[in-house]
Each structure stands twice: as C-alpha cells, then as structure tokens.
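Undergrad: coords please:
(chains A and B)
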Protein chains: 2
Amino acid sequence: MKPVIVVHGGAGRIFKEREEGSRSGVRRAALRGYRILKCGGNALDAVEEAVAVMEDDPHFNAGCGSVLNEKGEVEMDAILMDGKNLASGAVSAVKCIANPIKLARLVMEKTDHMLLTDQGAFAFARAMGFPEVPGEKLITTRSLERWKKNLEADSNPQEFQKDLGTVGAVAIDSAGNVACATSTGGLTNKLVGRVGDTACIGSGGYADNSVGATSTTGHGESIMKVVLARLVLYHMEQGKSPEDAADIALDCMKTRVGGLGGVIVISRSGDWAARFSTKQMAWATVKDDLLQCGVYAGERHKESAEEALSTMGS
Amino acid sequence: MKPVIVVHGGAGRIFKEREEGSRSGVRRAALRGYRILKCGGNALDAVEEAVAVMEDDPHFNAGCGSVLNEKGEVEMDAILMDGKNLASGAVSAVKCIANPIKLARLVMEKTDHMLLTDQGAFAFARAMGFPEVPGEKLITTRSLERWKKNLEADSNPQEFQKDLGTVGAVAIDSAGNVACATSTGGLTNKLVGRVGDTACIGSGGYADNSVGATSTTGHGESIMKVVLARLVLYHMEQGKSPEDAADIALDCMKTRVGGLGGVIVISRSGDWAARFSTKQMAWATVKDDLLQCGVYAGERHKESAEEALSTMGS
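TA: Model prediction:
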C-alpha cells in the first residue's frame, strides 16, 4: 500500500489576508505528516504530527490561534482514532496546553478511557508531566480583536462563527492502517464549557481499517446532529466513493439541519476526497509523491512532494 | 399513532438483592413516562420524565445512586434528543445536581450549543437557577462501600465495572415524534473528568423521526468505538426490525471490540425492542396499555398498564 495523507485547515469563510497563510499551513502540515509515512511510520503518528503542526500555526483555529470563549479564554477539543482497533483518545474544554492532540493521544494510550474533560483532563496532563503553557500564549492579536468586537452592542457573533473551522488529518500507511485526528478552539464567543463535534467520536472524526477514515469541520452543532464522520463512512460501506460519500453526507447535513461544513476522507484502498459545502476549505494532500492543495472549490495546486520536502526544512 | 415507551435501568450484572428494586424501578419509570404520552404529551417530555424518575431512584447508576469516581465523587453525564429536528442537549462530568437530564434539556432549549461540560455546565446551571444539591446527597451507602472496596490493594475495579450501567428511555408520541434520553454516573472508580458514551451523540443515544430512537447501556468505551446508537438506526434504515438491528449492532460491538451492553429501540411505526449481550438488563415498556418488564433474557412480566397506573400514586 502506498501511503497517503489528507489534511484540512477548517471549512468556512477565509478572508483574503488569511488565504496564503492557510494554504501554506495545510501544505506544510501535509508534508510533515507525509514524511513520517514515507519513512515507514504509521498513520496515527502521521495524523498527530500534521494536526500538531497546525495547532502551532496561528493561522488556524486550534492550539495557538484558537478563537476565544465568552470569557476571552482559549478552550479546546481534540480527538484521534486508530482504524486498526477502533481505539480513540479525546479531550474536551482543555486550557493552557499547546497541543491538545498530543494529550488526546496520551488519553488513548495511558488510560482505560477515551475522553477526558476540563479539570480532569488538566489533572491528567499534569500527572503525565505534559507541558503547560500560560493561557495568554495561545491568544493571538487577531483572536483577541475578534472577541472584543463580538462583545460590542451591535455585534453579530453568529456572523463571525462562519469564519473559522477546525484542523484535521486522515492518513493510510504502508501497512494499510488508517487514522484520523481533529483539533479545534471551537466557536468564537462560545459559552464556557461548550464542547462541539470535535471531541465526540463519530462526529469530529472516525477511522476504521475496514472502510476508511474521515475528519470533519464546519458548524459543530450541525455536525453532531447528523454524526457526520460516521455518516460519511456508512455511505462508503454502501459502496460509494469517498467523494460521493462526502457530498451525500454534507448534503444531508445541509438539508436536514441547515448546516455547512467540510470533510476529508480516505478509503482503505487509498482513494481520497476533500469536499465542502462552505465557500472555502483549506486542504492539502500527498499521494504518489504528488502534493496538492486548495482553498476554493475546484482549486488544485500541484507540485512534487519530493521537491517540496527537500526545501521545507525540519 | 399509539404512544409507546421503553426504558432501561442498565445492562450488566444485577445482584439478587438488587433485582426487585431494579424491576420495580424501571416499571415505575415506564409508567410515569407513559402517563405523559397517554395525556397527549410529547415524546421528549416522556423520556425526560422516565429518566428523571430513575435518576431519583438510588437503585440505578444515575443521579442519586451513581457510582463514584477515583476521588469518591459523583460525576455524571446525560443526553436527550428530539427526533423531530435532531436537536439535542447534553452535559458531561457534572456534579451536585440531582437531575442531569433536566440540565441537558435546558442546554438544548436555552443555548445555541449541544454539550456543556464540567465547570461551564455548572456555571450555566447556576445562571439558570437550576437547583444544586450537596454532592454527598447523591452518594448511597452502597456506592461508597463499592468505591472503598475498589481502593483496597487486592481489588479489581474492572470486575465491579461489570455491575452497573446507565438509565435510558425511548418513546414515540401520538404525533409520531420519537425521542431518547440517557443518564449515567459512568464507571466506578473512573478518572476524574472521564466522559463516556452517554454524553456523546450517536453513542449514548440517537433519535430521528424518519427511522426511530435508541438509548444504549453497557461498557461506555466499547459503545463509543462503534458509535452504537447510530449503528442500530443504520441497520433499521437498511430495513432491519428493531430487534434484529439491536442484535446485529450488539454482536458487532462484541466481535470488533469485545464489549458487552444493551439497547432499547423504538421504530417510527412503534415497534420496539429491548436487547442485551450482558447477563442482565432491567427494562420495561408500555404499548397498547400493556406493561411489560424483565431483567433476564427471555423474561417478560405482563400486566395491565391501566391497573398499574391506578395504583401507582403520583
């Protein structure tokens, strides 16, 4: 099996000034994950790495750069899942850590549980010696301005909630194992303690070697209502291609609950799709040493992954 | 449409001394929910009422009587879902409230979100004037003894984790709307902040008027791995009866991840099932004024719901 990775940097509305940063961010994340796969690494390590790269990139609504809750804090959700045995780890409403996806991995590997939340997740992180960061370190000028604007009397937070998604990755490794990972700062000006689709298995992501893997982005509450990630894979079980399965599931979400979003999908045979019902979604993929990325519907930049990797640095 | 309700009081191992309490508890919960349906009430109100009755009943692992986490505290998850519009409300890791299912209902009705967790859920409860109770009020002698026993050097908490499930209800009302509700104290001696299947839409429950509704119980992490509630409904979408869909989904969970559990199911035409792969599951149902309940596989006590209601009191 030839390894493949697909990543997304969130579906929604991406302003002109953020376009280039989003494009180069997903491109870099896909390459970093692909490098692991190329060296014989497994799908789980690759998706974790790709997502951690985007958590560290302030262009995305995850880790540093996350949107702020009603109190002006960064509060994050993350999940990853191993298609080999359906094992999964997730955290919800966590603060003061740079890489929620790495904490989710620890939940999967070091506990008998699958989801730890808020204070318990923080206590677990501390017990594991997981690095803490001051909450302010995760706040960017941009997210702070957005938050302040939303507190103004004539503001419309719902309008701004269209702007930013989530980050995610799916991959298949040379052994045929699939995995997914998703991480987010959630909705801007959300209530403290609001948990969205990302932490909920089947909504924010799902991976099963017998079908494939998917990671979702978009309006979290709508994604949850249709359990979007699992829905995509059900359609693939019924014989649909990743692209058709993604489109049918996204259409269902639009029709049933009026929600927009995007998904990245990989099948057990290595076919992939990056589809969205929003105006934009930053995505990138590497397959057969071909790197592709885009932000608008129909956009596909192509280049050699080999060359891109050689100039990327560490 | 004739209204129907099905409730469960948890799948697992029910000790002799708890059998009668469990049987009369689910019987009472089913009757209380049914009374609402019979008076023209809606499915959502009926399942909320049935679950609240079991939360107040110390025989069950939900509300008062919940098992304790590693620190000896009651920490609860709950969800409900309206099949009409796929709206849902849930809370995770909440403390010091008697009826998490009622707080989940408030999340659904009073916020734009679907899941609130831990400190944020508590702040929301307080802002809503939701009644608080001292944490100790939810702790029974039995749960305290179990917790202490599990802390002994030669204990085997995993063994005790087989004992107690969750409570749940599904219903269809005279307008043909379905709903589900699930509530739990989780796993005994769980880590602080552990969230199980109950709070995760598609795992702990799912309701969709175009198919039916289901509420799950059993080993939470296994239920999450297969997104059990949604899985049951997928099989019904493929034309399976509630009973067959439940059995196929439970068999999948056993085969794929070695997990045991139980489900209650109702279809959009009012057919129902209460199935489990564990040794026991307390369940009860009322349909066509016939009240049925059981604890062991194959057990079905039958009586007139009319008569039972007239002797039940308020």
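Undergrad: Now do the residue of the stretch 151-300 of chain A found nearest chain B: how many residues are near it, please.
TA: Using Cβ to the nearest Cβ, the single residue of the stretch 151-300 of chain A nearest to chain B is residue A:193, 1.4 Å away. Glycine gets a C-beta too; all of them are placed from N, C-alpha and C. Here the count is done by other Cβ atoms under 10 Å in any protein chain shown, and residue A:193 has 27 residues near it.
Undergrad: That one - nearest residue in space that isn't next to it in sequence?
TA: residue B:120 (1.4 Å; Cβ to Cβ, 6 or more residues apart in numbering or on different chains).
Undergrad: Now do the same contact list for that neighbour.
TA: Listed by Cβ atoms under 8 Å, 6 or more residues apart in numbering or on different chains, the contact set of residue B:120 reads A:93, A:118, A:191, A:192, A:193, A:194.
Undergrad: I'd like the list of these that fall within strands, please.
TA: Under the assignment DSSP state E, the contacts of residue B:120 contribute residue A:93 to strands.
Undergrad: biggest separation within the contacts of residue B:120, which pair?
TA: Within those, A:118 and A:191 form the most distant pair, 13.0 Å apart (Cβ to Cβ).
Undergrad: ok, these two, which is more surrounded?
TA: Taking other Cβ under 10 Å, residue A:118 and residue A:191 do not tie; residue A:118 has more neighbours (26 against 21).
Undergrad: Phi and psi next, for residue A:247.
TA: Phi and psi for residue A:247, reported as degrees, to the nearest 10, are phi -70, psi -40.
Undergrad: How is the spatially closest residue to it that is not a sequence neighbour assigned, secondary-structure-wise?
TA: Of all residues not flanking residue A:247 in the chain, residue A:275 sits nearest, at 5.7 Å (Cβ to Cβ, 6+ apart). Following DSSP: H, G, I helix; E, B strand; the rest coil, we place residue A:275 in the strand state.
Undergrad: residues contacting residue A:275?
TA: Residue A:275 neighbours (Cβ under 8 Å, 6+ apart): A:243, A:246, A:247, A:250, A:262, A:263, A:265.
Undergrad: so how far is residue A:297 from it?
TA: Remark: distance between residue A:275 and residue A:297 (Cβ to Cβ, to the nearest Å) = 9 Å.
Undergrad: what element comes up after the helix or strand bottoming out on mean pLDDT in chain A heading to the C-terminus?
TA: Using mean pLDDT, DSSP states H and E, helix A:157-160 stands out as the lowest-scoring helix or strand of chain A, at a mean of 63. Following helix A:157-160 in sequence order, the next helix or strand is strand A:167-172 (DSSP states H and E).
Undergrad: following that following strand, which helix or strand comes up?
TA: strand A:178-184.
Undergrad: Which strand or helix spans residue A:294?
TA: Using DSSP H and E, residue A:294 sits within strand A:290-296.
Undergrad: Show me what that strand is in contact with.
TA: A:14, A:19, A:22-23, A:26-27, A:30-31, A:34, A:274, A:279-286, A:300-305, A:308.
Undergrad: Quick one: end-to-end length of stretch A:167-186, please.
TA: 11 Å (Cα to Cα, to the nearest Å).
Undergrad: show me where chain A has helices.
TA: For chain A, the helices defined by DSSP state H occupy A:16-38, A:43-56, A:100-110, A:118-127, A:141-151, A:157-160, A:220-226, A:228-237, A:242-257, A:305-312.
Undergrad: These: which one's closest to residue B:132?
TA: Residue B:132 sits nearest to helix A:118-127 of all those, at 17.5 Å, using Cβ to Cβ.
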